[in-house]
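> Here's a sequence, model it:
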Amino acid sequence: MPIARILRETAIGETRWVAFDTTARPVALHLERLSDRQRRAYLGDTLDARLRAIQPRQGGGFVELLSGENVFMRLDEGHGLTEGQNLHVEVVAEARRDKLARVMKAATNATQNQDRDTRWRMALPGAGSVSVEDVSIGDGEITAAWDEALSGSVTLPAGGTLHIQPTNALVAVDLDTSGRNDPGRAAARALRINTEAAQELARQASLRNLGGAMVLDCVSPINRESGIKVRDAFLSAFKALSHRKVRALAPSAFGLMEASVAWGAAPLADRLMTPDGEPTDETLCLESLRQLQREAVAQPMARLTLSLPRRAFEWMTASRLDLQAQLNETFGARLTVLPYDHSKPDIFQT
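Numbers count the residues shown, from 1 in each chain. All right, here's what the predicted structure looks like:
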């Protein structure tokens, strides 16, 4: 599944990228927010830091970046480092919910010679020669890809549903075959749908930036030979989309296929949503501003007002990013943003 297209949507406050395979399905996403530029470590960043504390029992030490972000670095015995020592580090796994980012020691003369989006694109197998297409704000393909990455369920191409539930310990994936009627013997039917589910899980792991332990509950009957085919289908599909390390076992006697995927970029849901599954204040603000920009482009002469839910308006004010000034610079002084005591934004002409 080589990368065929990469789309980029640039809006005030954030830029979103989507990579599509040759079947026009989204397989990888990248997000850069204005608020993150000085305070968040991205995968592949090389940064100056200080070793704050060595914790032998945890197999490493806590490092403080110049931005103030605390990260973790694994240390081998005899590492020769001392607390308080200045270091040059590379980010090998971004921070995610309740987990610090992880870094490794970088060469003293290592420099950042690529933009973050370029590093993301170059990390996708076969995507180095794919040009980036700029699309309008609110582009349907971009929006659909983002919605899919945040959905708890995804429909398989030939029918059936994967329910994807990340937990603190692992990513649990349930395969629901309701409404699917495959021909042939039971074993052949099970192999087809399990293989399809394994391939889809690989795509979803790439799309959502999922890592760690994953368990797919396969349908029965499934024998050893079929189980190996399902495992190999998952590994092959994932390696076609990502350079992250991956391992997997054939389904157990209970029909559970276990996999382990190295962490890299933070899961999209961790960055965009609260633990309760609601948009963060920042996400709600930037999504509302994106709707306003789309309307401003569609109505180039209209004066528009965005009634922004109060929690999102308060984030916008506290962020000190001066997003209103950026709106004025782009569209003139015809767009107004006001606080609103409702849960959803509203846009109207004034």
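> T336 is in contact with L304, isn't it?
Yes - the pair T336 and L304 passes the contact test of Cβ atoms under 8 Å, sitting 7.4 Å apart. Placement of C-beta: from N, CA and C, glycine included.
> Mutual contacts of those two, please.
The contact sets of T336 and L304 overlap at T350 (Cβ atoms under 8 Å, 6 or more residues apart in numbering).
> Who has more neighbours out of the two?
Between T336 and L304, counting by other Cβ atoms under 10 Å, L304 is the more crowded of the two (19 against 15).
> Would you confirm that that one contacts D346?
No - with contact taken as Cβ under 8 Å, L304 and D346 are classed as non-touching, separated by 10.8 Å.
> tell me what the helix or strand where A233 lies is packed against?
In this assignment (DSSP states H and E), A233 forms part of helix 224-239. Contacts defined by 3 or more Cβ pairs under 8 Å, 6 or more residues apart in numbering; DSSP states H and E place helix 224-239 against helix 186-208, strand 246-248, strand 256-261.
> what comes into contact with it?
Around helix 224-239, the neighbours that count as contacts under Cβ under 8 Å, 6+ apart are 1, 125, 187, 190-191, 194-195, 198-199, 201-203, 205-206, 216, 218, 222, 244, 246, 248-251, 257, 259, 261.
> Can you say which of these are buried?
Among the contacts of helix 224-239, those scoring as buried are 1, 190-191, 194-195, 198-199, 201-203, 205-206, 216, 218, 222, 244, 246, 248, 250-251, 257, 259, 261 (criterion: 16 or more other Cβ atoms under 10 Å).
> So which residue is dead centre in the protein?
Closest residue to the average C-alpha location of the chain: L268 at 3.2 Å, with Cα atoms, centre = their mean.
> Would you confirm that it contacts R208?
Yes - in this structure L268 lies within contact range of R208 using Cβ under 8 Å: 5.7 Å.
> so who does A144 touch?
P26.
> Show me the protein divided up by domain.
What automatic domain parsing lists as the domains of the chain is 3-37+128-144, 46-105, 152-269, 279-349.
> so what's L338 closest to, chain neighbours aside?
The spatial neighbour of L338 that comes closest, neighbours along the chain excluded (Cβ to Cβ, 6 or more residues apart in numbering), is S307 at 5.8 Å.
> rewinding a little: gap between the residue nearest to the centre of the chain and E94?
When distances are taken as Cβ to Cβ, to the nearest Å, L268 and E94 turn out to be 11 Å apart.
> and what of D322?
D322 sits 26 Å away from E94, taking Cβ to Cβ as the criterion.
> So for these two, which sits in the more crowded spot?
Neighbours were counted for D322 and for E94 using other Cβ under 10 Å; E94 has more, 24 against 12.
> list residues touching both of L268 and R208?
Taking Cβ under 8 Å, 6+ apart as the contact rule, L268 and R208 both touch 29, 149.
> Hmm, A296 is touching L304, no?
Yes - with contact defined as Cβ under 8 Å, A296 reaches L304; the gap is 6.0 Å.
> Now do the shared contacts for those two.
By Cβ under 8 Å, 6+ apart, A296 and L304 have these common neighbours: 334-335.
> Low-confidence bits of the stretch 1-150 of the chain, can you list those?
Under the criterion of pLDDT under 70, the regions of the stretch 1-150 of the chain flagged as low confidence span 1, 108-113.
> Would you map the strands across it?
When assigned using DSSP state E, counting those that start in this stretch, the strands of the stretch 1-150 of the chain occupy the ranges 3-11, 14-21, 26-33, 46-55, 60-65, 70-74, 86-93, 101-105, 132-135.
> mind listing what L162 touches?
For L162, the contacting residues are 153-154, 156, 173-176, 197, 200-201, 204, by Cβ under 8 Å, 6+ apart.
> can you redo the helices and strands packed on helix 224-239 as JSON lines with distance to E282?
Formatted as JSON lines, these follow (distance: least, Cβ to Cβ, whole Å):
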{"stretch": "helix 186-208", "distance to E282": "19"}
{"stretch": "strand 246-248", "distance to E282": "31"}
{"stretch": "strand 256-261", "distance to E282": "27"}
